[in-house]
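In: give me a 3D structure for the following:
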Amino acid sequence: MTEPVTAAIRANYAAVATAYAGKWADVLAVHARAVADRLDLGEARRVAELGCGPGRLLPHLEQLAPRARVIGADLTEAMLRQAPARFARVVGDAQALPFAGASLDAVVMPFVLFHLPDLPAALSEVRRVVAPGGSFAAVTWSGHDPHPAYDVWVRVIDEYGGPPDPSPQMPSNAVTSDPVELEAALRAANFGQVEITVERFHHHPTAEEFLAHSQVIGAMARRIALLAADLRAECLADAERQLAELPPEAFIESGTVLYTTAR
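Out: Sure, this is the predicted structure:
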């Protein structure tokens, strides 16, 4: 049963759409642009970004594919409202795409595949809508380096009795974080010329930026939101005190991501 998970993910992104469209979207867009640059889109006529969120990649796709109609699709209407209005935008689930077969020359999916509860179905859908000779690109999380600030944040919420994250957000991460497993999944969906490279991810927010982001986006934000208002205020104050004791490098978020292309 994938619908409850899909509904939870939709609800989560609807709740954070405005905040997500801030700095975090720009951080991820660096990698979205880099993987899109690996595709030859000069002659493409229809290009879609699936899971486009606030649409940071769409103008770049427009530059890479000057002859194409660039389309942004997302599970969440609230996210699509953040995207530039000059692009075609459509609400759609990657597991049941609202496109005709062989109607797209390229599909790009940055930071999306791990969210999909039925990854094989989604990859088969992408393969269905991509025209012969068309291309596909994705970015997925892989490994994470130690992150002291996040560890403090988790510990404080645990100490205040924050309930577990109620929203399963990355049901396919075990496959999409592993280059071997991800390639096998793509080949099972009849993709060819699969190329996957491991790239570095690095983001260095200030303490204030980290705390502001962590209160509204991600698993810890969902956990702290479940605390009673007075307890939540205490928890945030305690976290702020402890985070203030950390050196600037403790807030660096780094690790690896996978850049995937296929035809």
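In: quick one: the helices in the stretch 1-150 of the chain?
Out: 3-20, 23-36, 58-64, 77-80, 119-129, 148-159 (DSSP state H, counting those that start in this stretch).
In: looking at those, which is closest to residue 99?
Out: helix 119-129 (4.3 Å; CB to CB). Just so you know, the C-beta spots here come from the backbone N, C-alpha and C atoms, and that holds for glycine as well.
In: now that closest one: buried residues?
Out: 119, 121-123, 125-129 (16 or more other CB atoms under 10 Å).
In: pick out the most distant pair among those residues.
Out: Farthest pair in the buried residues of helix 119-129, by CB to CB: 119 and 129, 16.1 Å.
In: residue 94: which of the buried residues of helix 119-129 is nearest?
Out: When those are compared against residue 94 (criterion: CB to CB), the nearest one is residue 122, at 4.4 Å.
In: wait, isn't the closest one in contact with residue 115?
Out: No: the criterion here is CB atoms under 8 Å, and residue 122 misses it with residue 115 at 9.4 Å.
In: so where is this protein shaky, pLDDT-wise?
Out: 1 (pLDDT under 70).
In: tell me where it has strands.
Out: Assigned by DSSP state E, the strands in the chain fall at 46-50, 69-74, 88-91, 104-110, 130-144, 195-203, 253-262.
In: those: which one's closest to residue 9?
Out: Residue 9 sits nearest to strand 69-74 of all the strands of the chain, at 11.0 Å, using CB to CB.
In: what's the angle between the closest one and strand 46-50?
Out: Relative orientation of strand 69-74 versus strand 46-50 (axes from the mean of the first three to the mean of the last three CA atoms, to 10 degrees): 20 degrees.
In: buried sites along strand 69-74?
Out: 70-74.
In: swap in stretch 241-256?
Out: Result for stretch 241-256 [16+ other CB under 10 Å]: buried residues 243, 250-253.
In: any idea which residue sits dead centre in the protein?
Out: Nearest to the mean C-alpha position of the chain, by CA atoms, centre = their mean, lies residue 111 at 3.0 Å.
In: list the residues that contact that residue.
Out: Taking CB atoms under 8 Å, 6 or more residues apart in numbering as the contact definition, residue 111 lies against 28, 31-32, 51, 139-141.
In: distance to residue 187 and neighbour count added to the residues you listed, as a markdown table?
Out: Output for those, formatted as a markdown table (distance: CB to CB, whole Å; neighbours: other CB atoms under 10 Å):
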| residue | distance to residue 187 | neighbour count |
| --- | --- | --- |
| 28 | 26 | 20 |
| 31 | 23 | 20 |
| 32 | 24 | 25 |
| 51 | 22 | 22 |
| 139 | 19 | 25 |
| 140 | 16 | 26 |
| 141 | 21 | 17 |
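In: since that was my last question, I'll sign off now.
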